[in-house]
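Asker: Fold the following and give me the result.
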Amino acid sequence: VASVVSTRALTPTMAFGLCALFEFLGASLLGSRIAGTLSRMVLNGGAPNPTEVVHVLAAAVGAALLWGIVSWWRGWPMSNSQALIGSLTGAGWVAWGADRIIDARLITVLIVLVATPTVGFLISAVLTTGLRQLSYWMTTASRPIIQGLHVFGCLLVSAAHGSNNGQLIVGILALAGAAALGKTTEAPPLPLYRFLVAGVITAGVLLGGQQLFRKLAMKFYRIRDVQGLGAQAAASLTLAGCILAGFPASPTHLISGSIVGAGVAKSVRSVRWSVVGEIALSWIITIPASAALGAFLALLWRAR
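Answerer: Numbering: from 1, shown residues only. Here you go, the predicted model:
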């Protein structure tokens, strides 16, 4: 919601309400490939003990929650995807060893997670530069069209964000449900899981996004219509590609990178680089920090 509110394309109430609705639709209706990728990453073709699967998942979710609290307190745009994949890696390493958990699939997932903000930055910078050139030929009468496209892009990003993060949680619930029944095979996600997760994500958007919103909307730079449209278009294109390919992305950092790219397209000096540095620090340390927390919780569980 940061860019659409900053450009006054929507009021804060309308922006949060519409984005929450599309987060719900994305989490409940769009795709299941990411959930499948998560299941295959955890099971890795083997047949681990169902109890161990539950312990690893519990340690991973607990670690992601702890890191989420730290990020929320600091006002960092935390990546739930990075936190969950990182904590699963750490917990799985303790439970099954590095040979069992680290393979080409996990490495590819980690590369995608780390690379998406940079991809969003580059695409946004290119798109915004092109849009700025076009804007010189536009009249004030074209502003409602730009704002309409901007809002449409925002809603697409919301749906893709809900789908990406929702599928990760649905995958964990499906694995935990199968393991609780003594199974260690990939479990199809139940519709009930999807709607429960969609509801909780929607509640999170409505209740917990204000602090992060203020940082992205007010501290980067003064976002204009063309910059907001370029950032949202870049984020939605990148997220859609990741979802279709079945790889979890880092939506929050991707959106942050896209906003920075749009600002750089106008002027490097217009961006407050101290804020960018703080967010980049969160992007860099989320995976190792959550992996360490996941490993620590898994060790505590093993010591019981």
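Asker: Isn't residue 176 up against residue 59?
Answerer: No. With contact defined as C-beta atoms under 8 Å, residue 176 and residue 59 do not form a contacting pair (12.0 Å). C-beta coordinates here come from the backbone N, C-alpha and C atoms, glycine included.
Asker: now residue 168: how far from residue 84?
Answerer: 5 Å (C-beta to C-beta, to the nearest Å).
Asker: what residues are shared contacts of the two?
Answerer: Taking C-beta atoms under 8 Å, 6 or more residues apart in numbering as the contact rule, the neighbours common to residue 168 and residue 84 are residue 248.
Asker: The two: who's more crowded?
Answerer: residue 84 (28 against 23; other C-beta atoms under 10 Å).
Asker: re the thing from before, between residue 176 and residue 59, which one's more packed in?
Answerer: When neighbours are counted by other C-beta under 10 Å, residue 176 and residue 59 differ, and residue 59 comes out ahead with 27 against 19.
Asker: I figured that one hits residue 298, correct?
Answerer: Yes. Counting by C-beta under 8 Å, residue 298 is a contact partner of residue 59 at 4.2 Å.
Asker: which residues are common contacts for the two?
Answerer: What both residue 59 and residue 298 touch, as defined by C-beta under 8 Å, 6+ apart, is the set 90-91, 94.
Asker: quick one: which of those has the most company?
Answerer: Ranked by the number of neighbours (other C-beta under 10 Å), these place residue 91 first, at 32 neighbours.
Asker: what residue ranges in this structure score low on pLDDT?
Answerer: Counting by pLDDT under 70, the chain contains low-confidence residues at 31, 44-48, 75, 77, 139, 183-190, 208-222, 303-304.
Asker: ok now do the residue sitting nearest the centre point of it, which residues does it touch?
Answerer: To find the centre residue of the chain, average its C-alpha atoms and take the closest one (C-alpha atoms, centre = their mean): that gives residue 251, at 3.1 Å. When contacts are counted by C-beta under 8 Å, 6+ apart, residue 251 touches 79, 81, 157, 160-161, 164-165, 235, 239.
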